[in-house]
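[1] Need coordinates for the below:
(chains A and B)
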Protein chains: 2
Amino acid sequence: MSDQEPSPAVSISHLPRHVGRSVTLRGWVTHLRSSGKVRFLVLRDGSGLAQAVLVKGQVPEADFAAFDRLTLESSLVLEGLVRAEPRAPGGFEVQVTALTPVHLAQDYPIAPKEHGVGFLMDHRHLWLRSPRQQAILKVRDEISRACRDFFHARDFILIDTPILTPAACEGTTTLFETDYLGRGKAYLSQSGQLYLEAAAMALGRVYCFGPTFRAEKSKTRRHLMEFWMVEAEAAFFTLDDVMALAEDLVRTLVSRVLERQQPALAALERDTGPLEAVLAGPFPRLSYGEVLERLKDAGAELAWGEDLGGDEETLVSKMFDRPLLVHRYPLSCKAFYMEADPADPRLALCVDLLAPEGYGEIVGGSQRVADLDVLLGRIKDHNLPQEPFEWYLDLRRYGSAPHGGFGLGLERVVAWLCGLHHVREAIPFPRLLDRLYP
Amino acid sequence: MSDQEPSPAVSISHLPRHVGRSVTLRGWVTHLRSSGKVRFLVLRDGSGLAQAVLVKGQVPEADFAAFDRLTLESSLVLEGLVRAEPRAPGGFEVQVTALTPVHLAQDYPIAPKEHGVGFLMDHRHLWLRSPRQQAILKVRDEISRACRDFFHARDFILIDTPILTPAACEGTTTLFETDYLGRGKAYLSQSGQLYLEAAAMALGRVYCFGPTFRAEKSKTRRHLMEFWMVEAEAAFFTLDDVMALAEDLVRTLVSRVLERQQPALAALERDTGPLEAVLAGPFPRLSYGEVLERLKDAGAELAWGEDLGGDEETLVSKMFDRPLLVHRYPLSCKAFYMEADPADPRLALCVDLLAPEGYGEIVGGSQRVADLDVLLGRIKDHNLPQEPFEWYLDLRRYGSAPHGGFGLGLERVVAWLCGLHHVREAIPFPRLLDRLYP
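    Here you go, the predicted model:
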């Protein structure tokens, strides 16, 4: 082939455009098979899978011999003629005319057999190459894009809120702390909300989407030390507006993944029935009081004033096949910045959105306290120092207005839509109680 | 008006759709003026500015009286009839039929007069309300979206790389450090690159876009302690591919901002001539050696092997009206993971992209070392411990391949395109050597 121009290098996902033509593919070996004078391999390049066939006598002898040295996960470049082959993984086959190994992999540690989770997590940098992990990451990418498209279409402006902050938003016990250049302590942000509130008074509608941190000694399938959260905040939004926006967002994410990520959902063997059911009608809305009644009927009585735990959330959300909006929790369960319900000041104008299939809370939001004196009282009641909140109090001194917003936890949504057992697979490099490596 | 249905609440940016109709606007006062029986105010709601006019006798007496209590930055709700008015700020005027103050602002600290930077930075949460800061944030939002659209259109998958990492990518002197749940130290990431390399071997083409951290005791107009970086990495990419992609991205960002953010550029009084010049032709490419010659001709001789400093960058980039790609620096100036040039092993296969108008380096990229033994030697040469890099070394053990990528600093691009003197205005809540508040 040396006298000819090399064929154009293409992605496997673009093969449908090149049927009947010669192309160059570059990627890694995922399967190898020999049968007489024919050699087969399946190549992956991140965009898809393609079957490649070598027939003795139809490729240079050295290239044919090179095949027999290939190992799983070896990298290579091949040239060949593309044809449709419905029986091949990916639907296309390449009749190879040249094969050049790039690097022969050592004995690849992840075999098709089952490995323990600890082993796979230790090899997360390689585990990402598996079809299942690739599918999850593609769904995650889709959900992230869909969030951004959703807010942009509704005139929300992106405001990147700071990670290094001088004070805690919700208590100090679960904060990662660092020295700020010898000038005092800084804490890793648990939420961009307070900063978004400032930006909402400038730009009206704003959102942030970044990593957040909780140094929480929790070891559950819903907790990460570092996770991504998309948060929205809008001036003049009431609790009803917050609920409508959160429902609209979740509905949009489900429908977008169903529309565009069918191959990934199929690779994950995700039953899409429950996801389609989500779109069948409006999400039920229950007050905290109504939830207590439902729990009582189900034999899981909770005293008024107690927060819903994971078990209660799961129990009540399993009563519905669509996500559930639970609103107006007791103010005493909730953060200092939540507005009280004028109709019953024991209640907060807040909402949690619980995913179905036992995935629990994926959204938390509220209307925020607008009045300066009320907010000062809350800071005092929660034993928070006033000084670090002076700038936040300024928002109530200079043109305060009703406003509200919510946060949505990305990994929990990814876990739900992909049908994962644990959020650790929903992020490329999870940070868990006992895991900071790789 | 109490017997009527309230008019629909709309954003000021949507007023063109409502000419001749009654609407409700909600926002803040930016200007007030009285003239006989007529009162004028300019309202901002984050989406735009609208002029509102009250005529005595045409609004309820109480509403007219309420006007006279308004202060700058007071929040209010008003109803009125929309008409086009080319002379009004924003181009529309609302003939008010009802006005309800929501909150009367105390004496607003930011007056139209000039304040010192320290004062404005202390009041960053309020300063964001100024037209200039709003314009910058809208350009930032546009650039962020354009980056994501750019990579998505080219089949790059978003990989959120971790912030909490067990080891340093480029030395340990400029790292923020935190205790990881009593299990050892964690460091705030300076770059997602090493993790992206792992993901590129799984997904082919990947990018990340998140906050990065440098605890650098620098006090220049180009440095932040916390800044956002978009980084891309692709398997089988050579230095030429990296340069082409970086040029394409920068060109796309400039053209997108020129297309969609003219009002913001006008608010910033940005001369768009130099930005249009960027699009006029390909970006010049000079090797480090060629740059040394240019510097010598300009009387700023530098010995071979010395890195270009900010002054040299500025000098050479001012020789061109388009961004400049400087490639193949001495390997000794550069990070351990850069591939050597086979044509001259003293050189790294790397590139910096320097913005014009003295804005300096906005992109840095390279082809990465593919060979295990070479990489082991580099880790040793750079006095780095091997153990924390074991997972990274695995990428060279199992199907290694040529690959490369680059990082682009968001705030520097925002500063350049907006024509800002200092990057501190290019991020909503800047973190500087001496500033962690608000």
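[2] Where does the prediction get shaky in chain A?
    A:1-4, A:168-172 (pLDDT under 70).
[3] how does chain A divide into domains?
    With domains defined by automatic domain parsing, chain A comprises A:12-103, A:121-426.
[4] next one: the first one to chain centre, how far?
    Per Cα atoms, centre = their mean, to the nearest Å, the displacement of domain A:12-103 from the mean C-alpha position of its chain is 33 Å.
[5] Just send the domains of chain A back as CSV, with mean neighbour count and distance to chain B too.
    (C-beta placed from N, C-alpha, C; glycine too.) Formatted as CSV, the domains of chain A follow (neighbours: other Cβ atoms under 10 Å in any protein chain shown; distance: least, Cβ to the nearest Cβ, whole Å):
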stretch, mean neighbour count, distance to chain B
domain A:12-103, 18, 3
domain A:121-426, 19, 3
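[6] Columns distance to residue A:114 on top of the ones you listed, output as TSV?
    Shown next, in TSV, are these (distance: least, Cβ to Cβ, whole Å):
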stretch	distance to residue A:114
domain A:12-103	17
domain A:121-426	12
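[7] Any idea which of the ones you listed gets closest to residue B:225?
    Nearest to residue B:225, of all the domains of chain A, is domain A:121-426, at 6.9 Å by Cβ to Cβ.
[8] how about the helices of the stretch 201-350 of chain A, start to end?
    A:239-260, A:262-267, A:273-278, A:288-297, A:310-317 (DSSP state H, counting those that start in this stretch).
[9] Residue A:368 and residue A:339 touch, don't they?
    Yes: using Cβ atoms under 8 Å, residue A:368 makes contact with residue A:339 at a distance of 6.0 Å.
[10] what's the overlap in contacts for these two?
    residue A:404 (Cβ atoms under 8 Å, 6 or more residues apart in numbering or on different chains).
[11] got TSV for the helices of the stretch 201-350 of chain A, with distance to residue A:147 too?
    TSV is the format used below for these (distance: least, Cβ to Cβ, whole Å):
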stretch	distance to residue A:147
helix A:239-260	7
helix A:262-267	17
helix A:273-278	17
helix A:288-297	27
helix A:310-317	22
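[12] so which of those comes closest to residue B:110?
    Of the helices of the stretch 201-350 of chain A, nearest to residue B:110 by Cβ to Cβ is helix A:239-260, at 28.7 Å.
[13] who's in contact with the closest one?
    A:139, A:142-143, A:146-147, A:150, A:154, A:232, A:234, A:237, A:265, A:272, A:275-276, A:278-279, A:282-283, A:285, A:323, A:325, A:327, A:339, A:349-351, A:353, A:362-363, A:365-367, A:404-406, A:408, A:413, A:417.
[14] Let's see that with 7 Å instead.
    Helix A:239-260 is contacted from outside by A:139, A:142-143, A:146, A:150, A:232, A:272, A:275-276, A:278-279, A:283, A:285, A:323, A:325, A:327, A:349, A:351, A:353, A:363, A:365-367, A:404-406, A:408, A:413, A:417, using Cβ atoms under 7 Å, 6 or more residues apart in numbering or on different chains.
[15] quick one on the thing from earlier: closest one to residue B:227 among the domains of chain A?
    So among the domains of chain A, domain A:121-426 is nearest, using Cβ to Cβ, at 9.5 Å.
[16] Distance across the closest one, terminal residue to terminal residue?
    This stretch, domain A:121-426, spans 12 Å end to end (Cα to Cα, to the nearest Å).
[17] picking up where we left off before, which one, of the helices of the stretch 201-350 of chain A, ends up nearest to residue B:205?
    helix A:262-267 (16.4 Å).
[18] Could the C-alpha coordinates of that closest one be exported in PDB?
    Output of helix A:262-267 as PDB, limited to C-alpha atoms (Å, rounded to 0.1, in the frame of the first residue of the first chain):
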ATOM      1  CA  GLN A 262     -31.200   4.800  23.200                       C
ATOM      2  CA  PRO A 263     -27.900   3.000  22.300                       C
ATOM      3  CA  ALA A 264     -26.400   3.800  25.700                       C
ATOM      4  CA  LEU A 265     -29.600   2.800  27.500                       C
ATOM      5  CA  ALA A 266     -29.600  -0.400  25.600                       C
ATOM      6  CA  ALA A 267     -26.000  -1.100  26.500                       C
END
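[19] Quick one: the strands in the stretch 51-200 of chain A, in order.
    With DSSP state E, counting those that start in this stretch as the criterion, the stretch 51-200 of chain A has strands at A:75-84, A:92-103, A:157-158, A:164-165, A:177-179, A:185-188.
[20] and these as a markdown table, adding distance to residue A:117?
    Below are the strands of the stretch 51-200 of chain A laid out as a markdown table (distance: least, Cβ to Cβ, whole Å):
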| stretch | distance to residue A:117 |
| --- | --- |
| strand A:75-84 | 27 |
| strand A:92-103 | 29 |
| strand A:157-158 | 35 |
| strand A:164-165 | 33 |
| strand A:177-179 | 30 |
| strand A:185-188 | 26 |
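[21] who wins for proximity to residue B:300 among the ones you listed?
    Nearest of these (Cβ to Cβ): strand A:164-165, 36.9 Å.
[22] what residues does the closest one touch?
    Residues contacting strand A:164-165 (Cβ under 7 Å, 6+ apart): A:180, A:186-187, A:189, B:225-226, B:431, B:436.
[23] how does it look with 8 Å?
    A:178, A:180, A:186-189, B:176, B:213, B:225-226, B:431, B:436.
[24] And it, how far out from the chain middle?
    On Cα atoms, centre = their mean, the centre of strand A:164-165 falls 23 Å from that of its chain.
[25] contacting residues for residue A:93?
    Contacts of residue A:93 (Cβ under 8 Å, 6+ apart): A:50-53, A:82-85.
[26] Between which two of the residues you listed is the distance greatest?
    Going by Cβ to Cβ, the pair spanning these furthest: A:52 and A:84, at 14.3 Å.
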